[in-house]
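Q: Quick one, fold the following:
(chains A and B)
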Amino acid sequence: MDVLVYDKTFEGFLSAVFYVYEYKLADAHICKEAPGTVMFGRTIQIDTDEAKAKRVLAGLSKKLSHEGLQAIYHAYLADTLQEEDTMLAYIRHALASDHNIEKDYSNFAVLRMQRVDCMVHRERHRMKAFIRFKLTKDNIFYDGIEPDFNVIPLIREHFEKRYADQQWIIYDLRRGFGIYYDLQKVETITITFSEESQGADSILWMDQNEGLYQTLWQQYFKSTNIASRKNMKLHIRHVPKRYWKHLTEKALM
Amino acid sequence: MDKIQAKLEILADAAKYDVSCSSSGSTRKNKGKGLGDTGSGICHTYTEDGRCVSLLKILMSNICIYDCAYCVTRRSNDIRRTSFSVQEVVDLTINFYRRNYIEGLFLSSGIMKNADYTMERMVLIAKKLRTEHNFNGYIHLKSIPGASADLMHAAGLYADRLSMNIEMPTNEGLKLLAPDKKREDMIVPIRQITNEITQYQDERKVLKKVPTFVPAGQSTQVIVGATGESDRDIMKVASAFYSKFKMKRVYYSGYVPISNDNRLPALGSQVPLLRENRLYQADWLQRFYGFSTDELLPESVPFFDAEIDPKLSWALRNMSIFPLDINTADKSLLLRVPGIGLNSIHKILSGRKFGKLTWDHLKKMGIAMNRARHFITCAGLSEPTKDLTEMQIKGMILAGSSGKFLLNQTQLNIF
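A: Numbers count the residues shown, from 1 in each chain, chains lettered A, B, ... in the order given. Alright, predicted model coming up:
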C-alpha cells in the first residue's frame, strides 16, 4: 500500500492522481497529512504540478460532464471528511468505463460521491442562510464564519449578485481566509486580527445603528415564534447548535 | 428605538399565524448593481417551533374593521393596536435584508378604514422598495378582500407573490365565523390575478419587453380544525384552487386557539399538528406523485388515518398492484410505493440502467425500507409474503417505526 500526501490544494490532489496512474499503483491512498506510521508500504510526498493537474482534468473531462467534475471539486472542498479514497475510486471508475458513470448508482463510489456532494451542497446552502452581516464603522458589512466545509468558493457568486451595492467581507475563521467585495470585484483576503478585535463582534468597530438592528432582529425572531407549537427537536435539526455562536438571533440569548 | 421595537413585537406576533414562508419561484434578478436577487429561496433561520424564517413577516397594522372569530386581530378582541408607517416598513426591510437576515418582505394587514385605503398603503410600500431602493428581493403581499381591480393590478407589478387567505374551507364556515367577509370579495381578486398572469405570459411569447407580473404566482391558506370540515372537504377545496386558479401553493394552518368564543375549540385545546401534517403529505402526493383526492380519500374514508401516512394508507387499500419489481416497474407505479420518494426514484431509474439494483443499493439510496419492503421485490430481499393481511403489514410497519407523533398519545386522541 502506498500513501500519497498532497499539499491540501486541488491541484495537489490531481497531481497525486497523476502519480497513481504514472506508476500504475494498484493500492494507493491519498491524504492531506502523512499518517504516523504506515505498515507494509511507502509514504510519498507529492509535488504539486499544475501541468499534471491539468492533464488529469483534461482526461476526466472526456469521461465526465461538468457536474461530474464539479462533484470531485466539491468532495475536495469537504476537507474535513477525508474523502480522497472515494474520489480516487470514482475517478478510476470513470476513466475505466467507456460510458459516463455519473448516474451509475449501482457503484458504491458513485453513491458515496453523490452523498458527499449533497453534504457540501447543504453546507453551502447553510452559509447562504446563516451569514449575519454586521455593519462596521468603515461602512463594510462583515461576518466571520466557521463552516464544516470550505464553502466560501461556492457562495462567492451568490453574495456578489445579491449585495452589489454594499461593501462586504465574509471570513472563514476556521481556515483563515475570506472574500471582500469592494463594489467592483470580489477578492480573496486574509486578516490579521488585533487583540481588541478578538471578540469578533466587538462593539468597538460597529456602526452606531448596528446594535439597534441586531436588537430588532432578535425581537422579530422571538415574536414570530408560536409558543404553543414549540418543537425544539426540529428547531435544532434545522439550526444545529454549532452554528449558534455566529447567529445574531441565537448568540446573545 | 423603543417605539419601533414595540411595534415590531406586536405586528410580528400578529402576523405569525400566516404559515406561508416561501421565498422561491420568482425570477427577479439584480439589475444595475442594485440590492437583492431572488432565486430558489433561502430559510435564514428557524424559530423554536421549527418553522422557517425567510421573510420579514409583519402586519402593516393590526387595526381591523372586521370581526372574524378565528383571528387574533378581530375588532372585538381587546389587544394593543398599532401601525407601521410606510417608511418604517421600508427601513426595516432594507436594513434586515442588507444584513442577510431575510429574503424579503411578507406584508399583510388588518383592514384599516376600508379595503382600498389599506391596499393602497401596502402597494406604496412595495413601490418604494422597488423604485427608490432598487430592491430586487422577494415581496409577498397579502391582498385585502374587496380591494379594487386597479390596486390589485398595481400590486401585481411590484410583488413577487400575491395571496388571499380563504381561511374557511366552506362557505358555511365562513358565514359562521367571519360574518363580515364575503367569499366573492376573495375569489374575484384571485381570479383577476390568475387571468392577468396568463395574459402577461401570453404576451411574453410575442413581445420582448413585458413587465414582470406576480412571477412567483399566488397562494392561499385554509385553517384546519376550527370548524367541522372533513379532510376530504379540505382536500377538495385545495384541488380546486390548484386547478382553477393555478395556485402555486395551498397552505394548511392547524387552528391555534386564541379565544373563548364558543363557536371555536376552547383555549388550551391542542393545535391539530398531526392532521395538518397529513394534509401537507396529501398535498405533495397530489402535486408530485400523481394521486387524486378521490384515491387518497374515497367518499367512504373522509379522514386520514392518524397512525400512518396517506401514501401507505392508499397502498394498503390497493395491495393487488404490489409487489413491484424495482428493476422493471414503471415510474408512475414506483411513485406509489410507500417509503420511496422522488429523489430515490430518480436514482432507481438511473441506477438500474447500469445493472441490477439490490437491497444494499436501495438502502444506500435512502429508501425507507421499513415501509418499502412490503411492496417491492429485488435481489437480496425475500419476496413479501402474499398471505399477510393489510392489518398485519400495518402492524409490522408501526412496530418498526418511530414516527414523530407515535409517542404522543394525547395528540392522537383528539381525532
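Q: Quick one: classify A:Val20 as helix, strand or coil.
A: helix (DSSP: H, G, I helix; E, B strand; the rest coil).
Q: Next, count neighbours for residue 236.
A: I'll assume chain A. For A:Ile236, the neighbour count with other C-beta atoms under 10 Å in any protein chain shown is 14. From N, CA and C alone the C-beta is placed, and that goes for glycine too.
Q: The intended chain is chain B.
A: Quick note: B:Lys236 (other C-beta under 10 Å) scores 16 neighbours.
Q: could you dump stretch A:49-58 to CSV, C-alpha only?
A: Coordinates of each C-alpha in stretch A:49-58 appear next as CSV, following Å, rounded to 0.1, in the frame of the first residue of the first chain:
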residue,chain,number,x,y,z
ASP,A,49,2.4,20.2,-10.6
GLU,A,50,-0.1,22.4,-12.5
ALA,A,51,0.6,20.8,-15.8
LYS,A,52,0.0,17.3,-14.5
ALA,A,53,-3.2,18.5,-12.7
LYS,A,54,-4.4,20.0,-16.0
ARG,A,55,-3.8,16.7,-17.8
VAL,A,56,-5.8,14.8,-15.2
LEU,A,57,-8.7,17.3,-15.6
ALA,A,58,-8.5,17.1,-19.4
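Q: For it, give me every contacting residue.
A: Outside stretch A:49-58, the residues within contact range by C-beta atoms under 8 Å, 6 or more residues apart in numbering or on different chains are A:10-12, A:14-15, A:17-18, A:69.
Q: mean confidence score for it?
A: Stretch A:49-58 comes out with an average pLDDT of 97.
Q: ok now it, how far from the chain's centre?
A: 22 Å (C-alpha atoms, centre = their mean, to the nearest Å).
Q: Out of the contacts of stretch A:49-58, grab the one that's most surrounded.
A: Going by other C-beta under 10 Å, A:Val17 tops the contacts of stretch A:49-58 with 28 neighbours.
Q: which SS state does the closest residue to that residue other than its chain neighbours fall under?
A: Nearest residue to A:Val17 in three dimensions, chain neighbours excluded: A:Val56, at 5.1 Å (C-beta to C-beta, 6 or more residues apart in numbering or on different chains). Counting by three-state DSSP, the backbone at A:Val56 sits in helix.
Q: ok, and for stretch B:335-343, which residues are buried?
A: Neighbour-count burial for stretch B:335-343 flags B:335-341 (criterion: 16 or more other C-beta atoms under 10 Å in any protein chain shown).
Q: Quick check: B:Ile79 vs chain A, distance?
A: As judged by C-beta to the nearest C-beta, to the nearest Å, B:Ile79 and chain A stand 14 Å apart.
Q: residue boundaries of the strands in the stretch 251-400 of chain B?
A: Shown for the stretch 251-400 of chain B, the strands assigned by DSSP state E, counting those that start in this stretch span residues B:324-325, B:376-377.
Q: Packed most tightly, which of the ones you listed would that be?
A: Comparing the strands of the stretch 251-400 of chain B by mean neighbour count (mean count of other C-beta atoms under 10 Å in any protein chain shown), strand B:376-377 comes out on top with a mean of 22.
Q: shaky segments in the chain?
A: The chain I'm using is chain A. A:38, A:195-203, A:252-253 (pLDDT under 70).
Q: switch to chain B, that's the one I care about
A: Flagging of chain B using pLDDT under 70 yields the residue ranges B:1, B:384-386, B:402-415.
Q: Quick test: name the residue nearest the centre of it.
A: B:Tyr251 (2.9 Å; C-alpha atoms, centre = their mean).
Q: what bridges to it?
A: B:Gln221 (DSSP bridges).
Q: Helix, strand, or coil at the residue of chain A most remote from its centre?
A: Farthest-out residue of chain A from its mean C-alpha position, per C-alpha atoms, centre = their mean: A:Ser228, at 37.2 Å. Using three-state DSSP, the structure places A:Ser228 in helix.
Q: Quick one: distance of stretch B:173-190 to the chain centre.
A: 20 Å.
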